[in-house]
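>>> With the sequence up front, the predicted model follows.
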Amino acid sequence: MASREHLNILNQGVKAWNQWRDANPNIRPNLQLANLNGKNLSKINFSRADLSGADLSGTELRHAHLIGANLSRAFMRWSDLSRATLRGAYLWGADLSGTTLEQVDLSYAKLRGATMRWADLSFARLTQANLRGATLSGATLCRSILRKADCSWTELRWADMRGANLYETDLRWTDLRGADLRYSSLDYAIALSSDFTGATFTGASIENWKISNDTKFDEVDCAYIYLKSSQRDRHPLAGDFISGEFINLVQKPVGTIDLLFLHGIDWLAFVAAYQALTNEFVQCDIDIQAIEKKSGGAFTVRLEVPVDANYEAIEAQAKQHYTAQLKAIERRYKSQLNATDVELKIYRQKNADIKEITKLLAVRPLKARNKAALQHQPNLRVPS
């Protein structure tokens, strides 16, 4: 139950309450189960206050400070918390249906199991917030920031998420049926077993997102999409997708591993190492997806692997095989031709020529696959 003393101070008005808080910073207000229905409490300092189970329905809390406050199981329907600060607040099981939360700061907030149907979270900050199992059907999240938030098992059906930032957001088993994801950023998001049935994806970016075979894309509406962040690598390059193109582009989940060769690459050693790697992981379908030449003579070779592959083992063995093959080739070259250091340098330059790859990789043709399937991309620095 709420403290009678604290309620009496609150009844004196926001100004008196805030002055009392300033004078008593170590006191944690106890307002459990308090009936604050319909009150105007804008700009109030409720930071660290215990408002669990309180009735705040229809309450004005604009610009309020609720940092670290306990609002678990609070009843907050149709309240106005626009521009309020709730960083790290506890809202487990709270009911915020129809609540105005425009430009609110809910970073690191605990919203597990909260009900937020038809809430307005436009431009809200939800960085690393825990929304696991929350209900946000019909909610507005335009331009909201959900970077690294936990939205697994969350209901976002019919949610308006245009322009939302979902970078590295956990969307596993999330219900996104009918959601509007136009121009949103789903880069590096985890969407395993998510349901996007009837969702709109036009203009969204999906760089290195992770999906699974049971991620649903039935009846998706998408004119075009970006395979890289910041609206890069548009697909299709011009015009709109024809029927079935979007599904064909994204439905096959694979993982990728980037091998970074900082000082050039010996292609002969690389191909031998690649063959050894594929022989070792014969159960995996390891392919070369892309080769990119960078500034300063560096190269990136992107390997495509199954999404459930052991990435760490493949990375470690790729490095080991390349180093071993590089040493073996150089030993053999020196032994057979008694090569000087100058000759060895010329040999290395020849094998570092990108043109050589067309001949060397003929022993194992590359398989062309959709770049949209990028899922997992650790950087592995390989000595050269």
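That came in fine, so what should we check first?
>>> Can you show me the helices along the stretch 201-350 of the chain?
Ranges of helices in the stretch 201-350 of the chain, per DSSP state H, counting those that start in this stretch, are 245-250, 267-280, 311-337, 341-351.
>>> any chance of the ones you listed in a markdown table, plus mean neighbour count?
(Each C-beta comes from the backbone N, C-alpha and C, glycine too.) Converted to a markdown table, the helices of the stretch 201-350 of the chain look like this (neighbours: other CB atoms under 10 Å):
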| stretch | mean neighbour count |
| --- | --- |
| helix 245-250 | 18 |
| helix 267-280 | 20 |
| helix 311-337 | 15 |
| helix 341-351 | 13 |
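>>> Geometric centre of the chain: which residue is closest?
With distances taken as CA atoms, centre = their mean, Glu168 lies nearest the centre of the chain, 1.3 Å away.
>>> Distance of it relative to Leu33?
Computed with CB to CB, to the nearest Å, the distance linking Glu168 and Leu33 is 37 Å.
>>> which regions of this protein lie under the pLDDT threshold?
For the chain, residues meeting the criterion pLDDT under 70 lie at 252-254, 333-384.
>>> how about the strands in it?
If DSSP state E is used as the criterion, the strands of the chain fall at 190-191, 210-211, 225-228, 232-235, 254-261, 287-293, 299-306, 379-382.
>>> what's the closest of those strands to Tyr322?
With CB to CB as the criterion, Tyr322 lies closest to strand 379-382 of these, at 5.5 Å.
>>> re the thing from before, got the helices of the stretch 201-350 of the chain as a markdown table, with distance to Ala189 columns?
Compiled in a markdown table, those are given as follows (distance: least, CB to CB, whole Å):
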| stretch | distance to Ala189 |
| --- | --- |
| helix 245-250 | 12 |
| helix 267-280 | 29 |
| helix 311-337 | 18 |
| helix 341-351 | 40 |
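>>> Any idea which of these gets closest to Trp118?
Closest to Trp118 of the helices of the stretch 201-350 of the chain, according to CB to CB: helix 245-250, at 28.7 Å.
>>> okay, that closest one in PDB with CA atoms only?
Extracted C-alpha coordinates of helix 245-250, given in PDB (Å, rounded to 0.1, in the frame of the first residue of the first chain):
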ATOM      1  CA  GLU A 245      10.900 -12.200 -56.500                       C
ATOM      2  CA  PHE A 246      11.000 -10.900 -53.000                       C
ATOM      3  CA  ILE A 247      10.400 -14.400 -51.500                       C
ATOM      4  CA  ASN A 248      13.100 -15.900 -53.800                       C
ATOM      5  CA  LEU A 249      15.500 -13.300 -52.600                       C
ATOM      6  CA  VAL A 250      15.200 -13.700 -48.900                       C
END
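>>> quick one: that helix to chain centroid distance?
Distance of helix 245-250 from its chain centroid, counting by CA atoms, centre = their mean, to the nearest Å, is 20 Å.
>>> now the closest residue to Ser57 other than its chain neighbours: how far from Thr202?
Once flanking residues are discounted, Ser57 sits nearest to Arg77: 4.6 Å by CB to CB, 6 or more residues apart in numbering. The gap separating Arg77 from Thr202 is 33 Å, by CB to CB.
>>> Equivalent analysis for Ala16, please.
From Ala16 to Thr202 the distance is 52 Å (CB to CB).
>>> More neighbours: the two, which one.
For Ala16 versus Thr202, the count of surrounding residues by other CB atoms under 10 Å is larger for Thr202: 18 against 13.
>>> Determine the number of other residues adjacent to the nearest residue to the more buried one once chain neighbours are set aside.
Spatial nearest neighbour of Thr202, excluding adjacent residues (CB to CB, 6+ apart): Ala223 at 4.5 Å. Other residues within reach of Ala223, judged by other CB under 10 Å, total 14.
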